[in-house]
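Colleague: Requesting a structural model of the entry that follows:
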Amino acid sequence: MKTPTPKILIKGEGRDEWQNRYFKFAVRGSESDIPPFSAQEILNNPNNLLVALINAGAGAFHRSARTELLVRLGKRKATAAKFRVVTRLGWNSGAFVLPGGIIGQPKKQLEPAFRHLNPPLLAKYRAPRRSRLEDWQRNIGELCSGNSRLMFCASLALTGPILQLVNGPRSGGFQLFGSPESGKTAAAMVAGSIWGCHSMERRENGFAESWHTTAGKVEITALAEPPRDFRRLQLLRKWSHDETDEQQVFT
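Modeller: Next up is the predicted model:
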């Protein structure tokens, strides 16, 4: 009797920047793209992998399915990496990686794996394929015209990705002074709008975080932020905190 081809496919292996081993899975006949799972993730909690496979259409509800998959992985010999696993946002292999997609043409095949990060903080980033520059220019950019402070903050928000491409000092600070209700928070929202917006809760804050973001484990997500992006996020948090102090600080 011929053994049927497994519906769960192991499409290849990859490594992250620390050379941890990852596996890329797929479900035959499904268009779902499952981010790669590390060997450590699978060993610590294989049920997370099974949930991802089930959501992609695999019939892996029985315990035997988990056992069979683990046996297949155990018998699999290590192979050359087919892709590079990306665990943080920002530049990688000549392209810029965001939660919603990859901008540019990477020199190597990239597979993002962001399960270890805070989902709400990742969800607020713009998806390159669903956002249009023209919409931002019409709804926000044009309204900043003639206002030096808003134009400056919007320009500063764009510096993170290009700092890697310049020589010389990459640090500095700026401070905005003003009485309450003079537009300091608006400037923070303009700067954040370039990167995205909260999709549900705190939508009125745009991309900014509250002063108590620590409760949301922002430090974990900070490990995956592009260089300098987390400092901008700290800036937005400090802006909110210093609203009554009549000053805003860029760090």
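
Colleague: where in the stretch 151-251 of the chain is pLDDT low?
Modeller: Residue ranges of the stretch 151-251 of the chain with pLDDT under 70: 200-205, 209-251.

Colleague: rerun that using 90 as the cut-off
Modeller: Scanning the stretch 151-251 of the chain for pLDDT under 90 picks out 156-251.

Colleague: Which parts of it are strands?
Modeller: With DSSP state E, counting those that start in this stretch, the ranges of strands along the stretch 151-251 of the chain come out as 174-177, 247-250.

Colleague: Next: the stretch 1-150 of the chain.
Modeller: With strands called from DSSP E, counting those that start in this stretch, the stretch 1-150 of the chain shows them at 8-15, 21-27, 37-38, 83-86, 90-92, 95-98, 101-103, 110-112.

Colleague: will you turn these into JSON lines that also has mean pLDDT and distance to Arg170?
Modeller: Any C-beta I mention is one placed from the backbone N, CA and C, and that applies to glycine too. Converted to JSON lines, those look like this (pLDDT from 0 to 100; distance: least, CB to CB, whole Å):
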{"stretch": "strand 8-15", "mean pLDDT": "94", "distance to Arg170": "29"}
{"stretch": "strand 21-27", "mean pLDDT": "96", "distance to Arg170": "31"}
{"stretch": "strand 37-38", "mean pLDDT": "97", "distance to Arg170": "31"}
{"stretch": "strand 83-86", "mean pLDDT": "97", "distance to Arg170": "22"}
{"stretch": "strand 90-92", "mean pLDDT": "91", "distance to Arg170": "14"}
{"stretch": "strand 95-98", "mean pLDDT": "92", "distance to Arg170": "17"}
{"stretch": "strand 101-103", "mean pLDDT": "90", "distance to Arg170": "21"}
{"stretch": "strand 110-112", "mean pLDDT": "97", "distance to Arg170": "25"}
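
Colleague: How many neighbouring residues does Leu50 have?
Modeller: Residues lying near Leu50 (other CB atoms under 10 Å) number 20.

Colleague: For the closest residue to it other than its chain neighbours, give me phi and psi.
Modeller: Nearest residue to Leu50 in three dimensions, chain neighbours excluded: Ala60, at 4.9 Å (CB to CB, 6 or more residues apart in numbering). Backbone torsions of Ala60, given as degrees, to the nearest 10, read phi -120, psi 40.

Colleague: measure Ala60 to Arg138 for me?
Modeller: 47 Å (CB to CB, to the nearest Å).

Colleague: Over to Thr159?
Modeller: Taking CB to CB, one finds Thr159 at 23 Å from Arg138.

Colleague: between the two, which one's more packed in?
Modeller: Ranked by neighbour count (other CB under 10 Å), Thr159 and Arg138 place Thr159 first, with 14 against 11.

Colleague: which residues sit in contact with the residue nearest to Leu50?
Modeller: Each residue near Ala60 by CB atoms under 8 Å, 6 or more residues apart in numbering is listed here: 8, 50, 53-54, 66, 69.

Colleague: same thing with Gly183?
Modeller: Taking CB under 8 Å, 6+ apart, one finds 149-150 in contact with Gly183.

Colleague: and if you look at Phe23?
Modeller: By CB under 8 Å, 6+ apart, Phe23 lies in contact with 10, 12-13, 36-39, 42, 73.

Colleague: Pick out the most distant pair among those residues.
Modeller: Spatially, the most separated pair among the contacts of Phe23 is Gly12 and Ile42, at 15.1 Å (CB to CB).

Colleague: got the contact list for the residue nearest the centre of the chain?
Modeller: For the chain, Pro99 is the residue whose C-alpha lies nearest the centre (CA atoms, centre = their mean; 3.7 Å). The contact partners of Pro99, taken as CB under 8 Å, 6+ apart, are 89, 112, 114, 122-123, 125, 127.
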